[in-house]
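J.: Could you look at this predicted model? Sequence included:
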Amino acid sequence: MSPRQRHAVIAGAGIGGLTAAVALHHRGWRVTVCERAAAPTAVGAGIVLAPNALRALDAIGFDLAALDDTGAGAHPVPAAMGLRRPSGTRLSRTDTAALTARYGRPPLAVHRAALTAALSGALPEGAIAYDRAVTDVGSTGDAAVVRTTSGELAADAVIAADGIHSPLRTRFFPDHPGLRHSGETAWRTVLPVRVTEGCETWGRGERFGMVPLADGRSYVYATAVVPEGYRPADLRAELLRRYGTWHDPIPALLERIDPERVLQHDLYDLAGPLPRLNHGRIAWIGDAAHAMTPNLGQGGCQAVEDAAVLAHLLDGEAGEDVPAALAAYSRARLARTDAIRVRARRAGRVAAVSHPLAAAVRDLALRATPARVARGAMDDLFDGFALPR
């Protein structure tokens with residue numbers, strides 16, 4: 001008699017949830033992804049997949065060539081990626097060739113819609129159930145009972161990938177303090193123009209970034225220190241006021257912005273770590289598990305790592321005891337993801353300083369740091385992914 005096919009229910013069809021679904025599907029699991037949105041959407045901007053995330057995608061058997069079939073594609077981060085002042089003066093420069101030599105490959109800049117489309121395309125037809133939100137999870141002892149807006153599902157494992165405001169996190173960790181506002185908001189969009197190089201520019205309490213994408217467009221973003229909930233009445237005027245006198249090509253990019261296509265989100269992270277990333281047959285991944293600010297570019301990358309480790313531990317005989325496998329996942333991931341969450345918070349504080357003297361000291365320190373030292377500081381991020389033995 002052939003063994004029974006195990007079933008995983010994933011709450012959320014974001015990058016983490018879809019990566020977990022692909023990883024488990026490749027390992028013989030039946031997967032059901034419950035997504036509260038009514039239909040697939042192309043909402044989103046860009047994401048840079050760092051070398052650690054690329055290795056994790058390799059580990060689950062996901063072929064990055066699938067990105068080429070989505071129409072938006074992937075593109076290596078250009079050699080001139082680095083930091084500048086608003087005047088255009090360079091603070092640091094990162095050479096893609098040096099990154100490749102150190103980590104085996106360069107980062108890839110991808111439109112989020114391309115990545116989610118490629119991951120969705122790697123799943124069997126019907127695996128994603130749109131307009132179906134997970135509302136609660138119970139247990140019968142040998143299975144989880146997943147309650148959704150369209151009825152109940154039985155599952156061997158439940159993956160909570162339900163985002164930064166995770167209802168399942170709130171349900172099972174009611175004493176956790178929840179989210180902390182970073183003091184910043186972020187604007188993000190994709191423009192139909194290709195910048196020649198990627199960079200992030202740091203002012204005083206303000207930042208502006210640009211990354212070229214493969215299809216001739218550019219991912220651009222900006223952050224500012226503002227009160228929580230701040231929303232300008234005239235977005236274009238606000239962005240021009242803040243960044244319109246900064247170095248080229250920022251003014252020209254601002255002129256191309258369509259306010260209707262700009263996403264604005266206040267930036268949050270978890271106020272503290274969860275006590276664990278599992279509860280019985282449930283595991284939390286991505287923002288639901290360890291929401292972090294985007295200052296290190298690791299939020300989505302850590303979700304991909306989560307998915308690869310989780311699928312590895314649920315694979316084969318070692319994963320037959322699902323609660324034990326999910327507890328092992330928590331032990332494997334909690335310390336790393338929380339350390340990166342804290343590091344991202346600290347990096348954001350440095351980047352967002354607004355006092356002129358503090359900003360001058362910060363900029364001087366950046367210019368004085370040798371490139372090899374700056375690259376070495378990223379080793380624990382970019383070289384830190386490994387599957388547990």
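T.: Yep, it's here.

J.: Could you list every helix and strand in contact with the lengthiest helix in the chain?
T.: The longest helix of the chain (DSSP state H) is helix 322-351. Identification of packing neighbours for helix 322-351 by 3 or more C-beta pairs under 8 Å, 6 or more residues apart in numbering; DSSP states H and E yields strand 179-191, strand 263-270, strand 278-279, strand 282-284, helix 287-290, helix 299-314. All C-beta atoms are positioned from the backbone trio N, CA, C, and that covers glycine.

J.: Can you redo those as JSON lines, where the extra columns are mean pLDDT and distance to P3?
T.: Shown next, in JSON lines, are the helices and strands packed on helix 322-351 (pLDDT from 0 to 100; distance: least, C-beta to C-beta, whole Å):
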{"stretch": "strand 179-191", "mean pLDDT": "97", "distance to P3": "41"}
{"stretch": "strand 263-270", "mean pLDDT": "97", "distance to P3": "38"}
{"stretch": "strand 278-279", "mean pLDDT": "98", "distance to P3": "24"}
{"stretch": "strand 282-284", "mean pLDDT": "98", "distance to P3": "22"}
{"stretch": "helix 287-290", "mean pLDDT": "98", "distance to P3": "29"}
{"stretch": "helix 299-314", "mean pLDDT": "97", "distance to P3": "14"}
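
J.: isn't A289 right up against D306?
T.: Yes: if you go by C-beta atoms under 8 Å, A289 and D306 touch, sitting 6.7 Å apart.

J.: Which residues are in contact with each of those two?
T.: 333, 337 (C-beta atoms under 8 Å, 6 or more residues apart in numbering).

J.: picking that back up, make JSON lines from the helices and strands packed on helix 322-351 and add distance to E125 and mean neighbour count to it.
T.: Below are the helices and strands packed on helix 322-351 laid out as JSON lines (distance: least, C-beta to C-beta, whole Å; neighbours: other C-beta atoms under 10 Å):
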{"stretch": "strand 179-191", "distance to E125": "29", "mean neighbour count": "20"}
{"stretch": "strand 263-270", "distance to E125": "30", "mean neighbour count": "18"}
{"stretch": "strand 278-279", "distance to E125": "30", "mean neighbour count": "24"}
{"stretch": "strand 282-284", "distance to E125": "26", "mean neighbour count": "29"}
{"stretch": "helix 287-290", "distance to E125": "26", "mean neighbour count": "28"}
{"stretch": "helix 299-314", "distance to E125": "21", "mean neighbour count": "27"}
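
J.: what's the weakest-modelled helix or strand in the chain?
T.: strand 74-76 (a mean of 59; mean pLDDT, DSSP states H and E).

J.: what pairs with M210 across the strands?
T.: Counting by DSSP bridges, M210 is bridged to C199, V220.

J.: Can you give me the neighbour number for it?
T.: Number of residues near M210 (other C-beta atoms under 10 Å) recorded here: 23.

J.: Give me the distance between it and C199.
T.: 6 Å (C-beta to C-beta, to the nearest Å).

J.: same question, A307
T.: 30 Å.

J.: what's the pLDDT at the residue nearest to A144 when sequence neighbours are not counted?
T.: If the residues on either side of it in the chain are set aside, A144 comes closest to R281, at 4.2 Å by C-beta to C-beta, 6 or more residues apart in numbering. R281 carries a pLDDT value of 97.

J.: wait, doesn't R281 sit right on A143?
T.: Yes: counting by C-beta under 8 Å, R281 does reach A143; the two are 7.4 Å apart.

J.: Comparing the two, which shows the higher neighbour count?
T.: More neighbours surround R281 than the other of R281 and A143, with 24 against 16 (other C-beta under 10 Å).

J.: residues in contact with the more buried one?
T.: So R281 contacts 137, 139, 143-144, 155-158, 322-323, 326 (C-beta under 8 Å, 6+ apart).

J.: do you know how far it is from G178?
T.: 24 Å.

J.: re earlier: contact partners of the helix or strand that the least confident helix or strand of the chain is followed by?
T.: From strand 74-76 onward toward the C-terminus, using DSSP states H and E, the following helix or strand is strand 82-84. Defining contact as C-beta under 8 Å, 6+ apart, one finds that strand 82-84 is touched by 90-94, 199-202, 247, 366.

J.: filter those residues to the buried ones?
T.: 91-94, 199-202, 247, 366 (16 or more other C-beta atoms under 10 Å).

J.: So which of those residues sit within helices?
T.: L366.

J.: ok, the buried ones among the contacts of strand 82-84 vs A39, which is closest?
T.: For those, the closest approach to A39 (C-beta to C-beta) belongs to E200, at 33.6 Å.
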